[in-house]
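K.L.:
Next come a sequence and a model predicted from it.
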Amino acid sequence: MIQGREFIALLWLLMVSQATSAWAQEDHVVTAQTTASSRADACTSSSGKAYNLCTIQGWFNVTRINCECTQSEAYGLPTWECVATATCKK
């Protein structure tokens, strides 16, 4: 049979373990920006940077990467600017 102190210790352990597991499921979002002469290169580069930012910060479970790009012209040359957003978890 569980005594008073044992019950309190068990209850405390359950509370701590639930808070830790809930925190581990929390999403972390990072963004990275790159420019290049082609859309594919700019998107690939910004996506890679966003992925690396997740892993460098210890968020190894990358669940999604989204890349949004815009095109402009500088000195008559098309330039693509892409921003990648990565969602990661512990």
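P.N.:
Yep, that arrived.

K.L.:
which stretches of the protein have low pLDDT?
P.N.:
Where the chain drops to pLDDT under 70, the residues are 1-25.

K.L.:
And the helices in it?
P.N.:
Remark: helices of the chain, listed N- to C-terminal, are 4-24, 39-56; assignment by DSSP state H.

K.L.:
tally of neighbours for Thr70?
P.N.:
As a burial measure, the neighbour count of Thr70 was computed by other CB atoms under 10 Å and equals 12. Every C-beta, even on glycine, is put in place using the N, C-alpha and C of the backbone.

K.L.:
do the one 10 residues further on as well
P.N.:
Applying other CB under 10 Å, we find 19 other residues in the vicinity of Trp80.

K.L.:
Okay, it and Ser72: tell me how far apart.
P.N.:
According to CB to CB, to the nearest Å, Trp80 stands 8 Å off from Ser72.

K.L.:
Show the contacting residues for Arg39.
P.N.:
69, 71, 80, 82 (CB atoms under 8 Å, 6 or more residues apart in numbering).

K.L.:
show me the contacts for the nearest residue in space to Asp41 that is not next to it in sequence.
P.N.:
Once its chain neighbours are removed from consideration, Asp41 has its nearest residue in Trp80; the separation is 7.6 Å (CB to CB, 6 or more residues apart in numbering). The contact partners of Trp80, taken as CB under 8 Å, 6+ apart, are 35-39, 41-43, 69-71.

K.L.:
Which one (most neighbours) among the contacts of Arg39?
P.N.:
In terms of neighbour count, Cys82 stands highest of the contacts of Arg39 at 23 neighbours, by other CB under 10 Å.

K.L.:
want to try TSV for the contacts of Trp80, with distance to Lys89 as columns?
P.N.:
Shown next, in TSV, are the contacts of Trp80 (distance: CB to CB, whole Å):
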residue	distance to Lys89
Thr35	29
Ala36	29
Ser37	34
Ser38	31
Arg39	29
Asp41	28
Ala42	26
Cys43	23
Cys69	26
Thr70	29
Gln71	33
